[in-house]
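Sequence first, then the predicted structure:
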Amino acid sequence: MNRTSEELLSRALAGDAAAFGALVRDQQRSVYSLALRMLADRQKAEDLAQEVFLRLYRNLSSVGSVAHLAFWLRKVTANAAIDRLRRDARYEAVPLEEADDLPSGDAANADPLLERRLRQLLQQLPPAPRAVLLLRYQDDLDPTEIARTLNMSINTVKSHLKRSLAMLRESIGETVP
Amino acid sequence: MNEDLDARLRKALRPVDPGEQFTQRVLTRVANEPKRSIPRVSKTTMRWASATLAASLVLGVLAGHEWQARRTQQGLQARRQLLEALRVTRDKLDIAYRAVNDKDGSSTEAGEHRGS
Amino acid sequence: MRFRQILITPAAMLACARVAMGATPGALNLPNFDALTQKAAQTVDITLDAALLGLATGFLDSSKPEDAAAKEVIRGLKGIYVRSYTFDRDFAYPEAELAKVRKQLAAPGWQSLVVVHDNRAHSNVDIYICMDQGRASGLAIIASEPRTFTIVNIVGAIDLAKLHALEGKFGIPRMQLDEKK
């Protein structure tokens, strides 16, 4: 457990705005990225991410530890994005511009067109399977953690993963072994 | 093949940072929030506060102060609840306003007028 | 996406008779949702009668845009009641209780203002207004989504234009990206 993050959390709980700001900086990448990949719209993602942190500020006393903080943020972000997608009558899939991407450290093996295609295909998934895939491949959670975050059964998580990956493989032309 | 797709997905879904301005925008909104009225305090501080309060009651000096503090807390809570209520209301109204103002959305959009 | 809109023209508003349930025009009898509090992931349960609205007014800071806007909106109001519950799974809330509230809105006096139904997303927003001698005396919003339902009842001389003017002050900044905060 990161002692510095624990100290930030304690100070934020005591009302230290700078400490809360540091917590936001630590966690904003994960929260914003999840919102961005779910909603496929930078403005909506920014809106949602801001709202999540505002909710965090209001409910900070219910977050017991840094580990719980990460779980709490993912849970609120993923579920809020799912709700938003279901509610938004004018949802449109907007291809994300390359400017959103950070430079990869592995430039030799980068394939930006394929990566963009994968992100586009992700937007074709319904909200729940999309969230499952993002938590798996963006946040590196295992199925048990994903199930807990989204309040699904592990079997449902695995089923979503299997079907989503099959769709992706078929769409980008890979054959299933 | 599976590992290749896994690796490609991880690369395609690299986290994206919203930038320093994002943090500032969040903090600006936080600054407009009402102060948290029940901050977590250490046990030592809690014991100290309890002893002080007990002494005040015995002397009977702070009876009026207590009433004022309670009134203030009630008022701040009412303000907090009011702002939250208006936020929720505004959020729901916005859905309806957007649907009504939507000119080129659904092909099934239809307007009916009812009433006499 | 499919939605249906029903609009009421102001000239068509009927006078508001005293509603059968509730002594005050524009006020609804809200069900007791205490049992849901344990099951819900998030709860917003707000009851502000005239006294509490008056108390809150004294603590609003006119120098803050949000507070100033709130002060304008609640002028003349007699009560604001919000019940909003969010769950971790779909349709975990009792639809029958929402139906009871909707039934009250079928009583004389209440008029449907806007109805938004999104069949694909299973979400609905119904907005009703109660009119008394040509003036609004109450507003009711019933919104439901698979994991959330919300009931808002505002009693008193509600000004929809002022409510709408809250945009940008309470929620997330909308399309005006250059708006300063």
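Noted; the coordinates are in hand. Residues are numbered from 1 along each chain as shown, chains lettered A, B, ... in the order given.

C-alpha from now on. contacts and neighbour counts both.
Fine.

so where is chain C shaky, pLDDT-wise?
Per-residue confidence for chain C (pLDDT under 70) gives these ranges: C:1-23, C:164-181.

Can you get me a residue count around whatever residue of it ends up closest to chain A?
Using CA to the nearest CA, C:Ala121 is the residue of chain C that sits closest to chain A, at 4.7 Å. By the criterion of other CA atoms under 10 Å in any protein chain shown, C:Ala121 has 18 neighbours.

Which residue comes closest to it once chain neighbours are left out?
A:Arg86 (4.7 Å; CA to CA, 6 or more residues apart in numbering or on different chains).

Please work out which residue of chain A is closest to chain C.
Nearest residue of chain A to chain C: A:Arg86, at 4.7 Å (CA to the nearest CA).

Chain A: helices as residue ranges?
Counting by DSSP state H, chain A has helices at residues A:3-13, A:17-39, A:42-58, A:66-87, A:112-122, A:127-137, A:143-150, A:154-172.

What's the separation between A:Ala49 and A:Ala12?
According to CA to CA, to the nearest Å, A:Ala49 and A:Ala12 sit 19 Å apart.

Those two: which has the busier surroundings?
Neighbours per residue (other CA under 10 Å) separate A:Ala49 from A:Ala12, with A:Ala49 holding more: 29 against 22.

The more buried one touches A:Tyr32, doesn't it?
Yes: under the criterion of CA atoms under 8 Å, A:Ala49 makes contact with A:Tyr32 at 5.4 Å.

quick revisit: model confidence for the residue of chain A closest to chain C, exactly?
A:Arg86 carries a pLDDT score of 83 in this model.

And the helices in chain C?
Secondary structure of chain C, counting by DSSP H: helices at C:34-39, C:50-57, C:65-74, C:95-104, C:160-164.

Out of these, flag the one nearest chain B.
The nearest among the helices of chain C, by CA to the nearest CA, is helix C:50-57 at 4.5 Å.

and the angle for that closest one with helix C:65-74?
With axes from the mean of the first three to the mean of the last three CA atoms, to 10 degrees applied, the angle from helix C:50-57 to helix C:65-74 works out at 150 degrees.

low-confidence ranges in chain A?
Low-confidence regions of chain A, defined by pLDDT under 70, span residues A:1-3, A:89-110, A:174-177.

got a list of what the residue nearest the centre of it touches?
Centroid-nearest residue in chain A, with CA atoms, centre = their mean: A:Leu34, separated by 2.2 Å. Contacts for A:Leu34 (CA atoms under 8 Å, 6 or more residues apart in numbering or on different chains) come out as A:Arg74, A:Thr77, A:Ala78, A:Leu134, A:Leu135, A:Gln138, B:Pro15.

on that earlier part again, and the residue of chain C closest to chain A, backbone torsions?
For C:Ala121, the backbone dihedrals are phi -90, psi 0 (criterion: degrees, to the nearest 10).

right, so of the helices of chain C, which gets closest to B:Val26?
Among the helices of chain C, helix C:65-74 comes nearest to B:Val26, with 15.7 Å by CA to CA.

Report all helices and strands that the closest one contacts.
Using 3 or more CA pairs under 8 Å, 6 or more residues apart in numbering or on different chains; DSSP states H and E, the elements in contact with helix C:65-74 are helix B:63-101, helix C:160-164.

Generate a markdown table for those helices, with distance to chain A and mean neighbour count as supplementary columns.
A markdown table is the format used below for the helices and strands packed on helix C:65-74 (distance: least, CA to the nearest CA, whole Å; neighbours: other CA atoms under 10 Å in any protein chain shown):
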| stretch | distance to chain A | mean neighbour count |
| --- | --- | --- |
| helix B:63-101 | 8 | 18 |
| helix C:160-164 | 19 | 14 |
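
Mean pLDDT lowest where, among these?
When I compare the helices and strands packed on helix C:65-74, helix C:160-164 is least confident, with a mean of 74.

Need the contact partners of that one.
For helix C:160-164, the surrounding residues in contact (CA under 8 Å, 6+ apart) are B:Arg90, B:Leu93, B:Asp94, C:Ala69, C:Glu72, C:Val73.

Could you work out the most separated pair of those?
Distance extremes for those: the farthest pair is B:Asp94 and C:Glu72 at 18.7 Å, using CA to CA.

and chain A, which of its residues are near chain C?
By CA under 8 Å from any CA of the partner chain, the part of chain A that sits against chain C consists of A:Asp47, A:Gln50, A:Glu51, A:Asp83, A:Arg86, A:Arg87, A:Ala89, A:Arg90, A:Leu150, A:Asn151.

residues touching the nearest residue to the last one once chain neighbours are set aside, list them.
The spatially closest residue to A:Asn151, leaving aside those adjacent along the chain, is C:Asp88, at 6.2 Å (CA to CA, 6+ apart). If you count contacts by CA under 8 Å, 6+ apart, C:Asp88 has them with A:Leu150, A:Asn151, C:Ala40, C:Ala41, C:Arg147.
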